[in-house]
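> Here is a sequence with its predicted model. Questions after.
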Amino acid sequence: MDWRKRLRSSTFRIAGTYTGLFSLSVLVLFSVVYLATVRSIREQVENEIRAEISALATERSAEGLAAVAETIARRVDGDLSGARLLLQDASGRVVAGNLAAMMPVNGWIDLPPPEDPLTGRRHSEHVVHGKGRVFDDGWYLFVGRDSHPLRQLREIIVRGFLVCGLATIAVALLLALATGERAVRRLRAMSVTSNDIIRGDLSRRLAISPRQDEFDELARLVNAMLARIERLVEDLQQVSNDIAHDLRTPLTRLRQRLELAVLTERPGCAGDCPMAGEIAGAIADADRLLATFSAMLRIAQIDSGSRRAGFRAVDLSRLLQNLVETYLPVAEDAGHALHAELADGLGITGDAELLTQLFANLIENAIEHTPAGSRIEVTVRQNPEGACASVADDGPGIPEGQGAQVCKRFVRLETSRNTPGSGLGLSLVAAIADLHAASLEFADNRPGLRVTLRFPAGAAPGR
């Protein structure tokens, strides 16, 4: 199975759907965890800021501004966590801290990043988030944190979730594809068996695994159905064969008695008496009936598929060349021109006797059902898909869309009602073509009829 078919398969679509849903679930889970984590860290930072402002305010009330300034100086000198503090007097002069003077603001604010002294640029990742407090005497206290460490932590969380999420999705996709591939293998095995059944081997059955899953349940039901169909077909074939055998025997005896009657009852007028003419007509009718029953038995034997076991390499070019040489005098006697255009050395695997009968029937049909002066052409060539053979004429042809109809047993078109035949010739052709897995096509030859058989590439010997 190529990748385009695999992508269109239901198992791949199901695997893709479930992988997509799983990926969406992972994304939603990641978003929830990420937002909850960031919110929790932010709340923790803000709680620390509140606690520090409260502690500094308490220290101011208890020990004075000098003690607060000394505490802030120690805090700034020994801090590695990105703390930002500011203590300025009522005139806006910075008393302590690591921030420049600012407009006093009560509450939470985000300070823009400081300018780089070398480049003069501001680094957006160094935004300071903090809280300010204006005292009654105009002094101002600000406590904040550089957001860069928090941003780095968020990036680490995102990268970790991306790596874990992608790995999880990849594993889920591989598992889904493996599950789908197992289903595809089961379906492929069922398809191979089904094709064998379609070609006539009703004894084949779908394999049942020890897993006893839904495929096995389906296979069990299909096998029961196939067993029932096989019994019905065998019974029908047996009835047809029995009828043909049972009727052929008395017909053969009847013919023999008619011949004996012509020779013994009126030995002196075997060819002149009116009775002899009637008996000869009855013998001809018996011969046609015997030919019909023989054709029915032949078709039943072919439909059973038993002849497939005897397939051998067949030189199709030589087989058709011999047939054309055999029927050339017959065609000339009927006033037809029989031509051949045959590629050399084109071989297939099949039953030479049945293939000879197939093409002989087609050539005989062309001779019998076309007016004198018609041209009959037999061709064979090699296509990329396999061998292609055809028998064409420029006679009246058949109505469009009647190709499948004329292959049915005992079906004869109105134009051929007055010509000899039983209506089984093309049925035999179709049965032999089906046995060889060849497609049978009826096309307008403009004018006339072109019957084409396309043998699969696998039918070539040695492949």
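Happy to help now that I have it. Numbering: from 1, shown residues only.
> partner strands of the helix or strand residue 441 falls within, parallel or antiparallel?
Using DSSP states H and E, residue 441 maps to strand 439-444. Under the criterion DSSP bridges, strand 439-444 sits next to strand 449-454 (antiparallel) in its sheet.
> didn't residue 442 look like it was pressed against residue 451?
Yes - counting by CB atoms under 8 Å, residue 442 touches residue 451, with 5.9 Å between them. Quick note: C-beta positions are derived from backbone N, CA and C, even for glycine.
> Compare the two and say which one has the larger neighbour count.
When neighbours are counted by other CB atoms under 10 Å, residue 451 comes out ahead of the other of residue 442 and residue 451, with 25 against 20.
> contacting residues for that one?
Taking CB atoms under 8 Å, 6 or more residues apart in numbering as the definition of contact, the neighbours of residue 451 are 362, 390, 391, 392, 429, 440, 441, 442.
> buried stuff in the helix or strand containing the first one?
Under the criterion DSSP H and E, the helix or strand holding residue 362 is helix 352-368. By neighbour count on 16 or more other CB atoms under 10 Å, the buried set for helix 352-368 is 352, 354-359, 361-367.
> I'd like these laid out as a markdown table, including pLDDT and distance to residue 113.
Conversion of the buried residues of helix 352-368 to a markdown table gives the following (pLDDT from 0 to 100; distance: CB to CB, whole Å):
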| residue | pLDDT | distance to residue 113 |
| --- | --- | --- |
| 352 | 86 | 92 |
| 354 | 86 | 91 |
| 355 | 89 | 90 |
| 356 | 89 | 95 |
| 357 | 87 | 95 |
| 358 | 89 | 90 |
| 359 | 92 | 92 |
| 361 | 87 | 95 |
| 362 | 90 | 92 |
| 363 | 92 | 96 |
| 364 | 89 | 99 |
| 365 | 86 | 95 |
| 366 | 88 | 95 |
| 367 | 90 | 101 |
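> could these go into TSV alongside distance to residue 184?
Supplementary listing: those in TSV, determined by distance: CB to CB, whole Å:
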residue	distance to residue 184
352	39
354	36
355	36
356	42
357	41
358	37
359	40
361	42
362	41
363	46
364	47
365	45
366	46
367	51
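> returning to what we had before: for the strand holding residue 441, which positions count as buried?
By neighbour count, and taking 16+ other CB under 10 Å as the criterion, the buried residues in strand 439-444 are 440, 442.
> Kindly report the same for stretch 370-384.
Within stretch 370-384, the residues scored as buried using 16+ other CB under 10 Å are 370, 374, 375, 376, 377, 378, 379, 380, 382.
> from the residues you listed, which is closest to residue 191?
residue 382 (27.8 Å; CB to CB).
> Please state the offset of the helix or strand containing that closest one from the chain centre?
Residue 382 belongs to strand 375-383 when assigned by DSSP H and E. Mean-position distance between strand 375-383 and its chain equals 35 Å (CA atoms, centre = their mean, to the nearest Å).
> ok, residues contacting that strand?
Residues lying outside strand 375-383 but in contact with it, judged by CB under 8 Å, 6+ apart, are 316-317, 320, 323-324, 331, 336-343, 346, 359, 363, 366-367, 370, 387-394, 454.
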